[in-house]
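**Q** Pasted the sequence and its predicted model underneath.
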There are 2 protein chains.
Amino acid sequence: MNQEKFRQLEAIFHPKSVAVVGASSDRTKQGTIFFQALLKAGFKGKVYPVNASESEISGVKSYPKVTSIPHAIDYVIISIPARSILKVLEDCAAKGVKAVQIFTAGFRETDTPEGRWLEEEMIKRARRGNFRIIGPNCVGLYNPVINLNSWGLPSAEAGSVAILSQSGGIAAAATRAALARGVRFSKVVSYGNGADLDSTDFLEYFAADPSTKIIGIYIEGVEDGRRLFQLLRQVCKTKPVVMWKGGRTKAGTEVTMAHTGSLAASYPVWTTLSKQVGMAQVENQEDLVNTLLAFRCLGQFRGHNVGIICGLAAAGGGESVSATDICSNLGLEVTPFSPKTRSLLKSILPPAGTILRNPLDIGWLGGNFGPLERALTAVAADPNIDLIIIHHPIQRVVTLMSREWAQAMTDVFIRLSKQQPKPVVVISAPGFPTTSEQWQIEQELAAAHIPVYSRLEEAAKAIAKVSQYFAWRADLDED
Amino acid sequence: MNQEKFRQLEAIFHPKSVAVVGASSDRTKQGTIFFQALLKAGFKGKVYPVNASESEISGVKSYPKVTSIPHAIDYVIISIPARSILKVLEDCAAKGVKAVQIFTAGFRETDTPEGRWLEEEMIKRARRGNFRIIGPNCVGLYNPVINLNSWGLPSAEAGSVAILSQSGGIAAAATRAALARGVRFSKVVSYGNGADLDSTDFLEYFAADPSTKIIGIYIEGVEDGRRLFQLLRQVCKTKPVVMWKGGRTKAGTEVTMAHTGSLAASYPVWTTLSKQVGMAQVENQEDLVNTLLAFRCLGQFRGHNVGIICGLAAAGGGESVSATDICSNLGLEVTPFSPKTRSLLKSILPPAGTILRNPLDIGWLGGNFGPLERALTAVAADPNIDLIIIHHPIQRVVTLMSREWAQAMTDVFIRLSKQQPKPVVVISAPGFPTTSEQWQIEQELAAAHIPVYSRLEEAAKAIAKVSQYFAWRADLDED
């Protein structure tokens, strides 16, 4: 990516002032939702509502047109009917804005002559006005560095993960789910139809962006698949890329046309190309989030021998059996402990009801957190083990014992994670509903960079992706 | 199952008095957990703690031995070290109890001569004393009719689903998760090593039990596979059976030996047999619960054309694409609406941003619940559609609008479900964490027999299992 284009995108992602065309006193309108969210998030810049018929919105002076705003405007969010868009774009050109994000749908994706014509005219206005378009049919940007958060996401500091998504709903939902697990973002963009700026532009930008270390992608189709994969081939050499390709089946592919008007290559072709370029491929939103979380927390993990701890607050034998099944199916190994570890565990743990093998069904231990910590340390020190997975039934411990009890166990896991180099992963089954105690403890684990998953299967899939990627990169470096 | 054996099991599942051997003032002990849970659940019978060294536990008089209790005892729960079990079993014989549930582990599953000997001696004591054993290495029974709930499950009325599980942890966790989704149980049993009463005994009983209509199974291995599958062949003809087989992989199978000491047949053999007998096979706890929920709510559903509604509180295009992919992969069809439905929808819904196809990206509708209801009714009346799946982002609606708004939408879905015969399924994405508003609304949907799933994929898998089962049964009836 050349310097000029990088600077252009850098400016687009860091606007100093934003106008929201279509904000109103009707809080069901998407324009209003964007505007209110920016106010609430404390966007570190100016926000102006633009509405032809209201003079004030939520106590903020409103302007009839973008050109009536008596200040410079970098970025315009548009959410008004498609038929009124072109006029607004002319105002944007007159105002000298840098970029326009269009939520409105009803363009190329309708597969009608009018829709296609409107989209082409939009691009002409952008070229003449020297501004760029994000969308249409998208929810645009999220940049936590400047609290550019129009999606109602919870407040969070910036981080190292970027997502680019063709779908706005998925961009927002995946970002929200990842934030809850402690993933922090450099930037996220939803680009919809990609009429002007498209997946490849944003991928180039994220590749060049020093604050982005890990990239997630949701994509349905692309205009220039060759260029995308050429780019991916380069990017994957230095930054992990996790891609969820929408429109995998014939039926799904037909729907992508109606959604963002893009043509999709056949799924087997995508899968083959993804493997060739070293990309991690996932098949749903949960695995996209889970895999980004694993890349964020596991460092350059490329082992495959996992030590599993279960039974901490319940009969754990069934968990052991299914854990072993799941890992084996994903290419991870629940390797036997070394003789030294077994004899260490024998000296630490009570004899009955505890199975001194991997998975280690460790039992309640009657609240003796010392033996728990020593047993975990012994497992972590085992040369046969690369990573430790702990079933931590937080809510059950809180219910049967106390918040303090669950906290003491959590402290053991956090110390274990800090005091030795092997990654620690926690499985915390969801509550019905999840209590605030469980939520708080999960947040503490997340803050300590311990990834928390609801189910072992999710964790194992994500761990396997990280291991495969870094093994691939290690092979690359050796060649 | 002969009348005598049925009456014997009926009596075991309906004890009038329970003694808990191993209850104490140490609340980390499993015996204490069972005892306290029975008290808290309001067991409709007498509960007596048995402890050699404490005279009172939680204000309840405790007895040193089972034989010291001055009342008849039907059922004994034992949770003490393995070496002391035989003596307690002799007391049980002397007391004339009907059945004993043994939590303690350390028997055949240890694969040691001592473990095997102890288990054989236990059986001898039971035969001599004319009582039956459930376990060892299990958490025994749950029967909501009499509040026999020693697992700390939330209070719930009885229902029509039974689970039999080799693992106690999985029995309790699956029951808990299913209760949260509105599944109600006739009985649940965890039988561990199955030293005396085994999977086939309980399956026979559930088959004969008039209050049980749907059966879930978690099994790792079985002594007499031929008998089990002969039974299943009969049971599946009248009651749906959902089975999760633990120990699918070679590694997992080795762990089953250590867990409950049972030998497992190869997984491909189980899969083939399962198909032959008409059983629904699942591969993890979530799908076991999800499939039981679908059997409970969908009636004798055997269609495969689903109408999907999305975008109710967010851009829904990405959801549409992935929904179509998921259904297609599972043999469900997201069929096009009929021309009549399309023209009806055109007259009801606003033109822009709404894609008048299936999945129907219905948009916000500005809180107009009338058009929402009319649109859903039109979709439900479409002869091309057998079942309606609605993405209902409860938490997002509550956050952006209000609890009342989310409630009004929920009321529409409940009316839709009641006023026409096609099943309605709701997808409600989990919150971070799930708020009490979302939880309450999900409970209302569950109470209206509308199954709620976190993700479309889970729902589609479960729906497909129900459809396959009833299609298989219809073929059977025609033969």
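**A** Arrived safely.
**Q** what about stretch A:87-98, average pLDDT?
**A** Mean pLDDT, stretch A:87-98: 98.
**Q** Repeat that for stretch A:131-150.
**A** 97.
**Q** Keeping just the C-alphas, turn that stretch into CSV.
**A** Taking C-alpha atoms only, stretch A:131-150 is exported to CSV below (Å, rounded to 0.1, in the frame of the first residue of the first chain):
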residue,chain,number,x,y,z
PHE,A,131,-14.1,11.7,-1.1
ARG,A,132,-14.3,8.0,-0.4
ILE,A,133,-17.4,5.9,0.3
ILE,A,134,-17.8,3.1,2.9
GLY,A,135,-20.8,1.0,1.9
PRO,A,136,-23.6,1.5,1.0
ASN,A,137,-25.5,-1.1,3.1
CYS,A,138,-23.1,-1.1,6.0
VAL,A,139,-22.5,0.2,9.5
GLY,A,140,-19.0,1.6,8.8
LEU,A,141,-16.2,2.2,11.4
TYR,A,142,-15.4,1.4,15.0
ASN,A,143,-12.2,2.9,16.3
PRO,A,144,-11.8,2.7,20.1
VAL,A,145,-8.7,5.0,20.1
ILE,A,146,-11.0,8.0,19.5
ASN,A,147,-14.3,6.4,20.8
LEU,A,148,-15.7,6.3,17.3
ASN,A,149,-18.3,3.9,18.4
SER,A,150,-21.7,4.3,16.7
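**Q** Quick check: chain neighbours aside, which residue is closest to A:K65?
**A** The shortest distance from A:K65 to any residue other than its chain neighbours is 5.3 Å, reached at A:D91 (Cβ to Cβ, 6 or more residues apart in numbering or on different chains). C-beta: built from backbone N, CA, C; applies to glycine.
**Q** who's in contact with that neighbour?
**A** A:K65, A:V66, A:T67 (Cβ atoms under 8 Å, 6 or more residues apart in numbering or on different chains).
**Q** who wins for neighbours among those residues?
**A** A:V66 (23 neighbours; other Cβ atoms under 10 Å in any protein chain shown).
**Q** if I look at that one, how far off is A:I85?
**A** As judged by Cβ to Cβ, to the nearest Å, A:V66 and A:I85 stand 12 Å apart.
**Q** of the contacts of A:D91, closest to A:H14?
**A** Distance to A:H14, by Cβ to Cβ, is smallest for A:V66 among the contacts of A:D91, at 19.4 Å.
**Q** Confirm that the residue nearest to A:K65 sits in a helix.
**A** Yes - judged by DSSP: H, G, I helix; E, B strand; the rest coil, A:D91 forms part of a helix.
**Q** So which of the contacts of A:D91 belong to strands?
**A** With strands defined by DSSP state E, no entry of these lies inside them.
**Q** can you pull out the strands in the stretch 251-400 of chain A?
**A** For the stretch 251-400 of chain A, the strands defined by DSSP state E, counting those that start in this stretch cover A:280-282, A:306-310, A:360-361, A:387-391.
**Q** helix or strand for A:W439, which one?
**A** Per DSSP states H and E: A:W439 is located in helix A:436-447.
**Q** What are the buried residues along that helix?
**A** Residues of helix A:436-447 classed as buried: A:E437, A:Q438, A:W439, A:I441, A:E442, A:Q443, A:E444, A:L445, A:A446 (neighbour count, 16 or more other Cβ atoms under 10 Å in any protein chain shown).
**Q** restrict these to those near chain B?
**A** For chain B, the contacts drawn from those by Cβ under 8 Å from any Cβ of the partner chain are A:Q438, A:W439.
**Q** and which of the buried residues of helix A:436-447 is nearest chain B?
**A** A:W439 (4.1 Å; Cβ to the nearest Cβ).
**Q** tell me the contacts of the closest residue to that closest one other than its chain neighbours?
**A** Once flanking residues are discounted, A:W439 sits nearest to B:P433: 4.1 Å by Cβ to Cβ, 6+ apart. Shown in contact with B:P433 (Cβ under 8 Å, 6+ apart): A:A180, A:P433, A:T434, A:T435, A:S436, A:Q438, A:W439.
**Q** my read: the fourth one touches A:V397, true?
**A** No - with contact defined as Cβ atoms under 8 Å, A:T435 does not reach A:V397; the gap is 11.3 Å.
**Q** Can you pull out the low-pLDDT segments for the stretch 101-250 of chain A?
**A** A:248-250 (pLDDT under 70).
**Q** Neighbours of the residue of it at minimum distance from chain B, how many?
**A** Closest to chain B within the stretch 101-250 of chain A is A:S167: 2.5 Å, counting by Cβ to the nearest Cβ. Residues within reach of A:S167, counting by other Cβ under 10 Å, total 33.
**Q** about what we covered before: give me the contacts around the helix holding A:W439.
**A** Outside of helix A:436-447, the residues within contact range by Cβ under 8 Å, 6+ apart are A:181-182, A:394-395, A:398, A:403, A:406-407, A:410, A:413-414, A:426, A:428, A:431, A:452, B:433.
**Q** out of the contacts of B:P433, what pair is the most spread apart?
**A** A:A180 and A:T435 (15.0 Å).
**Q** Give me the more crowded residue out of the two.
**A** Neighbours were counted for A:A180 and for A:T435 using other Cβ under 10 Å; A:A180 has more, 21 against 17.
**Q** wait, doesn't the more buried one sit right on B:T434?
**A** No - using Cβ under 8 Å, A:A180 is not in contact with B:T434, being 10.8 Å away.
**Q** Give me every residue in the stretch 51-200 of chain A lying close to chain B.
**A** Within the stretch 51-200 of chain A, the positions near chain B by Cβ under 8 Å from any Cβ are A:81-82, A:103-106, A:109, A:137-139, A:152, A:154, A:165-170, A:172-173, A:176-177, A:179-180.
**Q** No further queries at this time; thank you.
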